[in-house]
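Novice: build me a model from this:
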Amino acid sequence: MKLVKNLFLVAMGVGLLTSCNSDDDANTSRVKVAVKKTEAIAKSGGTTTNTVNVELKTLKLSIGEIEFDITKELEGQQTNDGSVFSDAELDGPFVVDLLDKNAETGIDLAVANIPNAKYEEIEFDIEPYIGEEHADMVGKTFIIEGTYGQKNFKIEGTEELELEVEYPNGYTLDGTDSNLFIDLQIGALKDKVTQIDLANAVPEEDGSILINKEKNTELLKQIETTLEDAFEVEDDDDDEKKEEEPKK
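Specialist: Residues are numbered from 1 along each chain as shown. Here you go, the predicted model:
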């Protein structure tokens, strides 16, 4: 069984590709990292006084970095080519909207050659966006948009967050190309966010609600705590075999 401390259920699936690495990349594996969502039915354990219908339309995250952490026993050890095993990093930013319809089938984040090794954890750092392609995300880690009754609302967060997936038996790259799927079952997260009562939010002149580090700050803290708790995930051994099977 997978042990989920809070809201997200994250499953990592590895599927073999048909191609192999070239001789120049003999000590690496080509890995494609993709994110997808599953609209699982949430079992809400919380209570809310929110009697107004809340609908979410956008849930964007800015992933600044994806880090592959090697196992403890490999730290300081030499590889076959004489170099030293070390953590591998994929630099972003990668912006993904978890409510986009394309997330149902999968959104590619990156394709890169990762050094062959055994990794104990894969970490996704949610960081303020730096770039030009997504102007609305600049300086923000996440944006949530939707409606509260008849009012539009927008939540802009700047808090840095982490999504970590641990492999007790290790996640091994041995030169074979692979697909790495991050399956986010966001039903519970959506349920938790929609429970937050916006009745006391101070509206804008047009009646909409803006929540950020300057406006409705207490609500922002509550929402950031909800997301931060959502990203605490751990696996146990029973799911290891399942996670290494190809995704269907």
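
Novice: hey, let's count contacts and neighbours off CA atoms from now on
Specialist: Will do.

Novice: ok, which stretches of this protein are strands?
Specialist: For the chain, the strands defined by DSSP state E occupy 3-4, 10-20, 28-38, 54-70, 88-97, 107-115, 117-126, 142-148, 151-157, 161-173, 176-185, 209-211, 233-234.

Novice: any chance of the ones you listed in CSV, with distance to residue 82, mean neighbour count and mean pLDDT too?
Specialist: Shown next, in CSV, are the strands of the chain (distance: least, C-alpha to C-alpha, whole Å; neighbours: other C-alpha atoms under 10 Å; pLDDT from 0 to 100):
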stretch, distance to residue 82, mean neighbour count, mean pLDDT
strand 3-4, 38, 14, 36
strand 10-20, 23, 17, 43
strand 28-38, 14, 21, 86
strand 54-70, 17, 20, 92
strand 88-97, 17, 18, 92
strand 107-115, 13, 17, 91
strand 117-126, 14, 21, 91
strand 142-148, 41, 20, 94
strand 151-157, 44, 20, 95
strand 161-173, 18, 19, 85
strand 176-185, 21, 21, 79
strand 209-211, 52, 23, 96
strand 233-234, 33, 18, 41
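
Novice: mind putting these into CSV with distance to residue 220?
Specialist: As requested, these are exported to CSV (distance: least, C-alpha to C-alpha, whole Å):
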stretch, distance to residue 220
strand 3-4, 24
strand 10-20, 25
strand 28-38, 24
strand 54-70, 15
strand 88-97, 19
strand 107-115, 27
strand 117-126, 16
strand 142-148, 11
strand 151-157, 7
strand 161-173, 14
strand 176-185, 23
strand 209-211, 6
strand 233-234, 22
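
Novice: which one of these lies nearest to residue 195?
Specialist: strand 54-70 (8.1 Å; C-alpha to C-alpha).

Novice: show me how far the closest one is from its chain's centre.
Specialist: The chain centroid and the centroid of strand 54-70 are separated by 4 Å, computed with C-alpha atoms, centre = their mean, to the nearest Å.

Novice: also stretch 116-135?
Specialist: With C-alpha atoms, centre = their mean, you get 9 Å for stretch 116-135.

Novice: for residue 219, find the nearest of the strands of the chain.
Specialist: strand 209-211 (7.0 Å).
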